[in-house]
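Student: Kindly return the folded structure for what I paste below:
(chains A and B)
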2 protein chains.
Amino acid sequence: MLRTHTCGELRLADINKTVTLCGWVQKNRDKGGLTFVDLRDRYGLTQLIAQEGVTPTDAQEMMRKLGREFVIKATGKVIERTAKNPNLPTGEIEILVESLEILNAAKTTPFIIEDETDGGDDLRMEYRYLDLRRNIVRKNLELRHQVARATRQYLDNQAFIEVETPVLIKSTPEGARDFVVPSRLNQGEFYALPQSPQTFKQILMVSGFDRYYQIVKCFRDEDLRADRQPEFTQIDCEMSFITQEDILNTFEGLIRYLFKEVKAVDLPELPRMRYDDAMRLYGSDKPDTRFEMQFCPLTPEGGSEDLVKGRGFPVFDSAELVVGICAKGCSEYTRKQLDELTDFVKRPQIGAKGLVYVRYNLDGSLKSSVDKFYSEEDLKKWAERFNAQPGDLMLILSGETDKVRKQLNELRLEMGNRLGLRDKNTFSALWVIDFPLLEYSEEDGRWYAMHHPFTAPKPEDIAYLENIEDYGKIRANAYDMVINGTEVGGGSIRIYQRPLQEKMLGILGFEPENAKAQFGFLMDAFEFGAPPHGGIAFGFDRLCSIFGGADSIRDFIAFPKNNSGRDVMIKSPSPIDDKQLKELGIEVRKG
Amino acid sequence: MLRTHTCGELRLADINKTVTLCGWVQKNRDKGGLTFVDLRDRYGLTQLIAQEGVTPTDAQEMMRKLGREFVIKATGKVIERTAKNPNLPTGEIEILVESLEILNAAKTTPFIIEDETDGGDDLRMEYRYLDLRRNIVRKNLELRHQVARATRQYLDNQAFIEVETPVLIKSTPEGARDFVVPSRLNQGEFYALPQSPQTFKQILMVSGFDRYYQIVKCFRDEDLRADRQPEFTQIDCEMSFITQEDILNTFEGLIRYLFKEVKAVDLPELPRMRYDDAMRLYGSDKPDTRFEMQFCPLTPEGGSEDLVKGRGFPVFDSAELVVGICAKGCSEYTRKQLDELTDFVKRPQIGAKGLVYVRYNLDGSLKSSVDKFYSEEDLKKWAERFNAQPGDLMLILSGETDKVRKQLNELRLEMGNRLGLRDKNTFSALWVIDFPLLEYSEEDGRWYAMHHPFTAPKPEDIAYLENIEDYGKIRANAYDMVINGTEVGGGSIRIYQRPLQEKMLGILGFEPENAKAQFGFLMDAFEFGAPPHGGIAFGFDRLCSIFGGADSIRDFIAFPKNNSGRDVMIKSPSPIDDKQLKELGIEVRKG
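Tutor: Next comes the predicted model:
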């Protein structure tokens, strides 16, 4: 080793040792007779000091001239600092330099290597190697490593076996777009990169592997939105001879283990919420349960009385659903604040026509934006249903059920933000269960698998498969794990019998020969002794960002791509030469 | 769980428990009043028994009719066997069945699911899910998991951090062919799949990650030979502020840890052999050191006297090198055996013109195939040089140095096989060091990097870079780990300064603008404070096959491709439809 110690390990106990450190110059200061250098490596920061008359002149001279980010090797004696730095683990000591070597010089970096940098996103991506030097970015990747380690520990201890599935697989028209790879040895044919190892992990269950996992790269050629990456990582798992209950328990165990190991947080047992309830109470299948603020309907629901119809307010009279939330302690919101909320729900992305509010004033009086139609007595009844107290503000939307729920979900999250109820260091996790098996696309005029084509219907709902009118009623043994309003994982119990799988693919619009070409191997496998099985996959990048208390997954990926799918550091993708194209038997389409 | 226990865990201590097992029917036997079923899962085999008058008739009837590979669930009482099976961990007990459920029936499998199967390679690959049920195949993948776990344990404990590098990267014309991925969002441009994360791991060193590893898929679009896979897995590592010595020690530590953990084998310290010595003594840079049989030259080498020239034997007189091996105890090889060896070295793949032998008979006399030219006294001197004893056989080749060494290497390995010196359960590991930096290709009339373009020359040889005549003399700080004659890993100390990297790329034939387009980001990075660094990569599939005592890597990969790069189970690669091609902006070349 070029060094005897790292820049993070020397303490008072090391006083008088002669040591050699290597690292990057964080900064240097020249105070006349004394020259200081903060030397940085992955492990920490140590102060070097040169003293006139003690340190050899050439070494001190060299220290004076060091630029930021120079890579140096310094040898000297560990001494006690006079001015100790309690914020630094090495802050009680410094190194009195005896000799110094510049291992590599550095040009001025295009942005400052500090937690607070002056570099914009594009610059930081182009010089990702410099961005990764910043402690806060590096710590994200260290966290990622920790989460991966703890995941493997837990699953290994539960007798899961990690099996690598292939990256060069077969393209499937179902679902998102595949990235494809032209085959040189089989011209005119293509491999596809896996969107997930779904069929392979099921095959492993048919093979008797019993418990499989893999931390694995997956690929989706989708139009990129903010925070979506063409390549991403999954914790992919599958188990045999289990029920849904076993999977929920096993992976609730995983997530609680991770929180304990990585964050030292005792996550409480995960509540389970039916999909229907999540939609009814939160307007979302991934409710943020860090805060309550559940939906309260004013139109009849589950036996409750109607409180709005027939008072002459056409908006409510024509609405399928009138529903609101109670914002605690917001009765004194200003006109401006209320206008902001109205503008918020009327934004095209949300699409509400308007917002009705009721102030439950501290003096007990009620004041609404619909006083023309509703008496204070009416409003009192609303307040009761909302469980509102004096000081609260009720916010109400109305319209077609599915739409209004989505809109109110957005408003609820906005209010959560405004009220500081969505602290990134508070964690609320739950299971959402009993998802519908199928969802209808008005646009395409056909049914899609809500999870994927291999998900099993609940046994008690199987009869509904016989009648297209009943498709919407079929529930699946499918489940999502939600943390802080983000779906971190999802899975299902799978079909393991050929006839049911064939029927399901038929419902999803596969012609029989097409189903056979795509998934024939899996259906064949089901005929040779397939066990009941099910599984789950976690979005690993997202999980890490939640552990890191961050919104973006990008900072938890060492070399992310930008929103156009480009790696601007290595300048990829890029054209390839004609010889290569010719060998692959393809050409680039003109125009 | 559908079961209370696995098929591998019940023992005498469990007698009288009522248990439920799930698994596959290995076989059933009907002995009149008694019916037996061997039930198999990943964890083991347990015998089920049904007894007339005790087991319900329907359950026994069902048991009689079970086919091989049916998936069943059986409940019953653990009882002590009368005829115990000492070869089975569960062999002291059996389950007296009370009820039975068929979870899934199975068709007759196309080959028998036993260690010794009747299925040929092609059939086993098509039905890989059945092949994977065979204990010996599954155990290979369990071994692979164990090796991966132990690798991570060791490296985690040494402060290495696992960082995922991207799969969608940039195509480079240097080296083997890339697999490419057309970009839909950037039409006419392509990503490439990485042949190794080489540049990314160096970038991570520039970023200060200090110690990196990754167990990672890599891709090479080469013409497939037996036992070469288009996608393969590496243990990829890099370290900063180190010398070659540190890397050798760290990864010698890894391999010894793996042998200890996985095989309970105490691997001795790894000897180090210079490349030149390996070529001189074994004719190979990956010598199989499980057995000695080193090369003995009869022409002068390192000060030794010539023992063959000028005796009128034109073959030796005209040879640059005359060199042989001593096969202990083979003096009584028959004429037929010697002819076989002669035919072996004359095969076109080896290409020797002939083989000279000398028998050192047990009576002390010497008899050679060149008695016409060499007296017994001459042969005595040869025997001395070969350190041969009565009873030994000397086998001698001659010709141009490089060629004859390669030929004799093949003959040595063949003799090792014939003499049983290459036991798969004996392990001999070593480092080969001091590789040449560059090798000349007569065919292309240019110099190539022997390792890769980022390998640093030895500091003491850097001056040779100034003169093309001296290129062949330059040694690199490059090293391979060799086990049992197989290169399992290799690496080097890297260049970390822009001028030297530019010079190296120039020597390798890169035009400056081309070098910049391909590796500009890395050379730029070198200017912002790059530390001295180096690393290594192990072929993980190969390493697992060595641990498993197998020749082929294919059985250590869950879903390998065949020699045409096809996955015959999923039938990939395959054509994709025109819509997909159009979206990607490419077309398949006609004809």
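Student: show me the contacts for residue A:500.
Tutor: A:456, A:462 (Cβ atoms under 8 Å, 6 or more residues apart in numbering or on different chains). Bear in mind the C-beta positions are built from the backbone N, C-alpha and C, glycine included.
Student: same question but for residue A:355, I mixed them up
Tutor: Residue A:355 makes contact with A:338, A:341-342, A:345-346, A:369, A:395-397, A:411, according to Cβ under 8 Å, 6+ apart.
Student: Now the buried members of those residues.
Tutor: A:338, A:341-342, A:345, A:395-397, A:411 (16 or more other Cβ atoms under 10 Å in any protein chain shown).
Student: Quickly check those residues for the two that are furthest apart.
Tutor: A:338 and A:397 (13.8 Å; Cβ to Cβ).
Student: In TSV, list the contacts of residue A:355 along with secondary structure and pLDDT.
Tutor: Converted to TSV, the contacts of residue A:355 look like this (DSSP: H, G, I helix; E, B strand; the rest coil; pLDDT from 0 to 100):
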residue	secondary structure	pLDDT
A:338	helix	97
A:341	helix	98
A:342	helix	97
A:345	helix	98
A:346	helix	97
A:369	coil	96
A:395	strand	98
A:396	strand	98
A:397	strand	98
A:411	helix	98
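Student: Could you check the angle the longest helix along chain A makes with helix B:135-157?
Tutor: The longest helix of chain A (DSSP state H) is helix A:135-157. Interaxial angle of helix A:135-157 relative to helix B:135-157 (axes from the mean of the first three to the mean of the last three Cα atoms, to 10 degrees): 150 degrees.
Student: From the rest of the structure, what touches the helix or strand following helix A:135-157?
Tutor: Sequence-wise, the next helix or strand downstream of helix A:135-157 (DSSP states H and E) is strand A:161-162. If you take Cβ under 8 Å, 6+ apart as the criterion, strand A:161-162 is touched by A:152, A:155-156, A:209, A:211-215, B:141-142, B:145, B:148.
Student: now, which of the buried ones among the contacts of residue A:355 lie close to chain B?
Tutor: With Cβ under 8 Å from any Cβ of the partner chain as the criterion, the buried ones among the contacts of residue A:355 include none near chain B.
Student: picking up where we left off before, check whether the longest helix of chain A comes near chain B.
Tutor: Yes. Helix A:135-157 reaches chain B (Cβ under 8 Å from any Cβ) through A:138, A:141-142, A:144-145, A:148-149, A:152, A:156.
Student: next one: that helix to chain centre, how far?
Tutor: In terms of Cα atoms, centre = their mean, to the nearest Å, the centre of helix A:135-157 is found 15 Å from the chain centre.
Student: and that helix, what does it pack onto?
Tutor: strand A:161-162, strand A:211-219, helix A:244-258, helix A:540-547, helix B:135-157, strand B:161-162 (3 or more Cβ pairs under 8 Å, 6 or more residues apart in numbering or on different chains; DSSP states H and E).
Student: List of residues touching stretch A:239-254?
Tutor: Under the criterion Cβ under 8 Å, 6+ apart, residues A:151, A:154-155, A:158, A:205, A:208-212, A:237, A:269-270, A:272, A:431, A:433, A:477, A:479, A:481, A:489, A:491, A:493, A:531-536, A:538, B:1-3, B:22, B:73 lie in contact with stretch A:239-254.
Student: now stretch A:411-427
Tutor: The contact list for stretch A:411-427, computed with Cβ under 8 Å, 6+ apart, reads A:259, A:263, A:265, A:267, A:282-283, A:288, A:290-291, A:293, A:295, A:325, A:327-330, A:341, A:344-345, A:350, A:352, A:355, A:395, A:397, A:483-485, A:546, A:549-550.
Student: ok so, going back, could you turn the buried ones of the contacts of stretch A:239-254 into a ChimeraX selection?
Tutor: This is how ChimeraX selects the buried members of these, with burial counted by 16+ other Cβ under 10 Å:
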select /A:151,154,155,205,208,209,210,211,212,237,270,431,433,477,479,481,489,491,493,531,532,533,534,535,536,538 /B:1,2,3,22,73
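Student: Helices - which of the contacts of stretch A:239-254 land there?
Tutor: A:151, A:154-155, A:205.
Student: Of the residues you listed, which is the nearest to residue A:44?
Tutor: Nearest to residue A:44, judged by Cβ to Cβ, of these is residue A:151 at 27.0 Å.
Student: from what I can see the closest one touches residue A:214, true?
Tutor: No. Counting by Cβ atoms under 8 Å, residue A:151 stays clear of residue A:214, with 10.7 Å between them.
Student: Which neighbours do these two have in common?
Tutor: Listed as contacting both residue A:151 and residue A:214 by Cβ under 8 Å, 6+ apart are residue A:235.
Student: Buried ones in the longest helix of chain A, by neighbour count?
Tutor: With burial defined by 16+ other Cβ under 10 Å, the residues of helix A:135-157 counted as buried are A:135, A:137-138, A:140-141, A:143-152, A:154-156.
Student: How about stretch A:491-510?
Tutor: A:491-498, A:501-505, A:507-508, A:510.
Student: Any idea how far apart the tips of that stretch sit?
Tutor: Stretch A:491-510 has an end-to-end distance of 22 Å (Cα to Cα, to the nearest Å).
Student: do the same with stretch A:557-564
Tutor: Its first and final residues considered, stretch A:557-564 spans 16 Å by Cα to Cα.
Student: touching chain B at all, it?
Tutor: Yes. Stretch A:557-564 lies within reach of chain B by Cβ under 8 Å from any Cβ, at A:557-559, A:561, A:564.
Student: next one: stretch A:14-31
Tutor: Yes. Stretch A:14-31 is in contact with chain B by Cβ under 8 Å from any Cβ, via A:22-24.
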